[in-house]
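Sequence and predicted structure below; questions after.
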Amino acid sequence: MSILARANPSYGSGQVIAVTTTSQNVTLPVKSKQVIFTNLGTNPAYVRMTPAAVAATTADAIVPVGAPVVYTKGEDITTISIVSTGGTATVHVMPAEGF
């Protein structure tokens with residue numbers, strides 16, 4: 001029996017990021033086609049995935065509070081920019097591969 005899953009986490013490569021109102025950059029430790037974001041805080045966060053550092057803004061992809069979200073990216077993209085405009089947030093970032 002096979003199990004269909006949206007994304008298979010790259011165990012051992014997750015990072016917990018303390019996000020502030022200043023955009024910061026995070027480097028993914030492994031190549032992957034997807035990233036699972038889980039916002040553990042109380043404020044929304046916004047992410048932009050690029051090959052080089054570019055500041056994230058509210059015009060980018062949202063990481064809502066309380067539920068994981070999976071975004072697909074190119075394998076050559078290793079930089080994530082992340083920001084929270086409502087104060088601080090805590091975001092777990094996990095590279096993953098979809099089935």
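Yes, it's here.

right, and the helix or strand after the one helix or strand in the chain whose mean pLDDT sits lowest?
Lowest on mean pLDDT, DSSP states H and E among the helices and strands of the chain sits strand 8-9, with a mean of 89. Next along the chain after strand 8-9, taking DSSP states H and E as the criterion, comes strand 15-19.

coming back round to it: indicate each strand paired with the least confident helix or strand of the chain and its parallel or antiparallel sense.
Here strand 8-9 is paired, per DSSP bridges, with strand 89-97 (antiparallel).

Using PDB, list the CA coordinates for the strand it pairs with.
Provided in PDB are the C-alpha atoms of strand 89-97 (Å, rounded to 0.1, in the frame of the first residue of the first chain):
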ATOM      1  CA  ALA A  89       7.000  35.400  15.000                       C
ATOM      2  CA  THR A  90       8.600  32.000  15.300                       C
ATOM      3  CA  VAL A  91       8.700  30.000  12.100                       C
ATOM      4  CA  HIS A  92       9.900  26.400  11.600                       C
ATOM      5  CA  VAL A  93      11.500  25.900   8.200                       C
ATOM      6  CA  MET A  94      11.900  22.400   6.800                       C
ATOM      7  CA  PRO A  95      13.100  21.400   3.300                       C
ATOM      8  CA  ALA A  96      11.000  18.600   1.700                       C
ATOM      9  CA  GLU A  97      10.400  16.600  -1.400                       C
END
